[in-house]
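sequence-free structure coming up:
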């Protein structure tokens with residue numbers, strides 16, 4: 001997939017999504033060692049993706065540009081780990097930790113690909129090295 005901003009709405013949505021993904025949607029120092037806490041940031045990312053898409057659709061003359069496909073692909077990739085772990089408040093054992101890690105790694109691979117598409121198409125590739 002290739003993305004290049006074609007209008008201000010594309011540029012704004014792409015930039016916002018790239019910045020959001022660049023902040024790493026992973027557990028931080030507040031993580032309480034539960035799967036639900038580990039996927040909390042992914043749940044927040046789903047909300048942000050919905051907001052970016054709504055703003056894009058409102059502002060853009062093109063209602064279904066490539067940026068919409070990128071946003072929806074992120075929602076799809078995040079839906080499995082979130083759906084599996086969002087309400088799991090049990091402490092992790094080694095087996096469950098490995099499963100959670102695999103689910104988060106799958107999303108991370110996809111998110112990295114989206115970041116690359118945005119950075120290359122938006123001309124922000126040099127900025128990726130800084131973050």
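Noted; the coordinates are in hand. Since the model is a prediction, treat every value here as computed from it, not as a measurement.

Just the buried residues of stretch 32-49, please?
For stretch 32-49, a neighbour-count test (16 or more other CB atoms under 10 Å) marks 34, 35, 37, 38, 39, 40, 41, 42, 45, 46, 48, 49 as buried. Every residue, glycine included, has its C-beta placed from N, CA and C.

for whichever strand or helix holds residue 79, packing partners?
For residue 79, the host element (DSSP states H and E) is helix 66-85. Under the contact definition 3 or more CB pairs under 8 Å, 6 or more residues apart in numbering; DSSP states H and E, helix 66-85 sits against helix 8-22, helix 35-38, helix 40-59, helix 94-122.

Include mean pLDDT when you put those into a markdown table, please.
Output for these, formatted as a markdown table (pLDDT from 0 to 100):
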| stretch | mean pLDDT |
| --- | --- |
| helix 8-22 | 93 |
| helix 35-38 | 94 |
| helix 40-59 | 94 |
| helix 94-122 | 94 |
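
How many residues are close by residue 61?
Residue 61 has 8 neighbours, counted by other CB atoms under 10 Å.

Name the helix or strand for it, please.
Residue 61 belongs to no helix or strand, assigned by DSSP H and E.

tell me the contacts of the nearest residue to residue 59 once chain neighbours are set aside?
Among residues not flanking residue 59 along the chain, residue 9 sits closest, at 3.9 Å (CB to CB, 6 or more residues apart in numbering). By CB atoms under 8 Å, 6 or more residues apart in numbering, residue 9 lies in contact with 55, 56, 59, 60, 61.

quick one on the thing from earlier: of all the helices and strands packed on helix 66-85, which one comes closest to residue 71?
Residue 71 sits nearest to helix 40-59 of all the helices and strands packed on helix 66-85, at 4.7 Å, using CB to CB.

how near is the residue nearest to residue 45 when sequence neighbours are not counted to residue 72?
Spatial nearest neighbour of residue 45, excluding adjacent residues (CB to CB, 6+ apart): residue 25 at 4.9 Å. As defined by CB to CB, to the nearest Å, residue 25 lies at a distance of 16 Å from residue 72.

do the same with residue 49
Here residue 49 is placed at a distance of 8 Å from residue 72 (CB to CB).
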